[in-house]
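Trainee: Got a sequence here, can you build the structure:
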Amino acid sequence: MNTNQIDGAASTRSARSLTTIRPSRRALLTGGAATAVGLALAACGSGNNGPSTGGTAAGGDTVTVVTYDSFDLPDELITAFKDDTGYTLEIARSGDGGEVANKLILTKDAPLGDAVFGINNTMASRILAEGVIDTTTALNLPDGAADYLAPYIVDDTPALVPIDFGEVCVNVDTFWLSDRGLEIPTVFEDLTDPVYKDMFVAINPTTSSTGMAFLLATIGHFGEDGFAQYWKDLVANGTKIDEGWSDAYYTDFTAGGGDGAYPIVVSYSSSPAATLNDDGIPTTAAMSRTATRQVEYAGVLAGAANPDGAAAFVAWMLSRQVQEAIPDAMYMYPVDPDAALADDLADFGATAEDPIVVDPDDIADHQQEWLTTWAEAVGQ
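Mentor: This next block holds a predicted model:
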């Protein structure tokens, strides 16, 4: 790492009185969850996934939801969920999205909870193939939400219900670069230019769903025959590869609120909305031409002790109150097109006009092969 390039970055940012809100994906709102109760659910028996392992029709009064560590919704909403449905939510945070998927597969015969939230399109096909989700549960989706099934998920399976989406893309610390007279990079190829040597921090796709999404973006852009060489060129240009998004953004990124040394990072198109300075101007920008869409799903776990409560949770996640809380609480975009966005996200978190999408069948067929190729290319 060229430390001469980053000396004084923290003091420069402090002089600008930068206020960095942790987008931690990532507190807002009051209001009930009454509309969730009105959503139509059809839990049609045990289907192909076997019978429920316990519970009466109600399945008890606690619903255990397996999710990623950064799951965050206002306490007022969770209280309202209990008031309106009679169920108490127990949130079982289980690591990054990729860790959640792996744990659910390993424990599918003795599920860790009743419902899951946070499975995204990079892992959905594997989760469905392994029989983790109770595919006999169906849900009437709000207008527009069905758009996030195809082309992001194999077989367009409605039992894995789209809840929100984000766009993984490269983010840049525009103030850091401009202070040094550097142009803002705009495309993948810019990141291998020696001008940006030792400036980019990426994320390991074998340990992070965010990293996996970015790997897929490079495959979608360079093709199966070209992505490995691109990663070799990135490493040769001093790219650092972190194990997870939090390390990359909060520790290594110069605009992440710490003492990071890298002004370019893999993050989300929503991230700039959380880096406003005192003048209301974002100090970072998203490289929209590197964006790939990441849709997050919820579902009832096969063998859930409380399938009715799990179905109520999934419906609740589609309620207007929750959909409008998601952008400010987790910096993702709601699948309900009529849900209002926080002003900062609406103004500074624009999604890409043409995000990169890799066919879900190709992901299902080649994901492990691509990961092996990637590991060889970067020397891991």
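
Trainee: Pretty sure G220 sits in a helix.
Mentor: Yes - the assignment for G220 is a helix, going by DSSP: H, G, I helix; E, B strand; the rest coil.

Trainee: thought it was touching D354?
Mentor: No - judged on C-beta atoms under 8 Å, G220 makes no contact with D354 at a distance of 11.1 Å. No exception for glycine: its C-beta is placed from N, CA and C like everyone else's.

Trainee: More neighbours: which of these two?
Mentor: Taking other C-beta atoms under 10 Å, G220 and D354 do not tie; G220 has more neighbours (17 against 8).

Trainee: Next, work out how far apart the more buried one and G166 are.
Mentor: 16 Å (C-beta to C-beta, to the nearest Å).

Trainee: Then T107?
Mentor: 27 Å.

Trainee: I figured V132 hits A302, correct?
Mentor: Yes - taking contacts as C-beta under 8 Å, V132 lies within contact range of A302: 6.2 Å.

Trainee: Just the buried residues of the helix ranked longest in the chain, please?
Mentor: The single longest helix within the chain, with elements called by DSSP state H, is helix 360-378. For helix 360-378, burial by neighbour count (16 or more other C-beta atoms under 10 Å) applies to P360, I363, A364, Q367, W370, T373, W374, A377, V378.

Trainee: quick one: which of those residues is nearest to T206?
Mentor: W374 (7.9 Å; C-beta to C-beta).

Trainee: List the residues that contact the closest one.
Mentor: P205, T206, L215, F227, A228, W231 (C-beta atoms under 8 Å, 6 or more residues apart in numbering).

Trainee: run the last query once more with 10 Å
Mentor: The contact partners of W374, taken as C-beta atoms under 10 Å, 6 or more residues apart in numbering, are 204-206, 211-212, 215, 218-219, 227-228, 231, 241, 380.

Trainee: Also S269?
Mentor: If you count contacts by C-beta under 10 Å, 6+ apart, then S269 has 166-171, 285-288, 290-291, 293, 331, 333, 345, 348-352, 355 around it.

Trainee: ok, V132 and A302, which is more surrounded?
Mentor: Per other C-beta under 10 Å, whichever of V132 and A302 has more neighbours is A302, with 27 against 23.

Trainee: so that one touches I133, yeah?
Mentor: Yes - applying C-beta atoms under 10 Å, one finds A302 in contact with I133, separated by 6.2 Å.

Trainee: the helices in the stretch 201-350 of the chain, which residues?
Mentor: With DSSP state H, counting those that start in this stretch as the criterion, the stretch 201-350 of the chain has helices at 209-222, 227-236, 245-246, 307-317, 320-330, 343-348.

Trainee: What residues of the second one count as buried?
Mentor: Neighbour counts over helix 227-236 (16+ other C-beta under 10 Å) mark F227, A228, Y230, W231, L234, V235 as buried.

Trainee: Now do stretch 160-177, average pLDDT.
Mentor: Stretch 160-177 comes out with an average pLDDT of 95.

Trainee: How far does it sit from its chain's centre?
Mentor: The chain centroid and the centroid of stretch 160-177 are separated by 9 Å under C-alpha atoms, centre = their mean, to the nearest Å.

Trainee: Just the CA trace of it, in CSV.
Mentor: C-alpha atoms of stretch 160-177 as CSV (Å, rounded to 0.1, in the frame of the first residue of the first chain):
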residue,chain,number,x,y,z
LEU,A,160,-39.3,-17.2,-1.7
VAL,A,161,-40.9,-13.8,-1.4
PRO,A,162,-39.1,-10.6,-2.6
ILE,A,163,-38.9,-8.0,0.2
ASP,A,164,-36.3,-5.4,-0.8
PHE,A,165,-33.4,-4.9,-3.2
GLY,A,166,-30.1,-3.1,-3.4
GLU,A,167,-27.5,-2.6,-6.0
VAL,A,168,-23.9,-3.7,-5.3
CYS,A,169,-21.5,-1.5,-7.1
VAL,A,170,-18.2,0.3,-6.7
ASN,A,171,-18.2,3.4,-4.5
VAL,A,172,-15.6,6.2,-4.6
ASP,A,173,-14.5,8.8,-2.1
THR,A,174,-15.0,11.8,-4.5
PHE,A,175,-13.5,14.3,-2.0
TRP,A,176,-10.4,12.2,-1.4
LEU,A,177,-9.7,11.8,-5.1
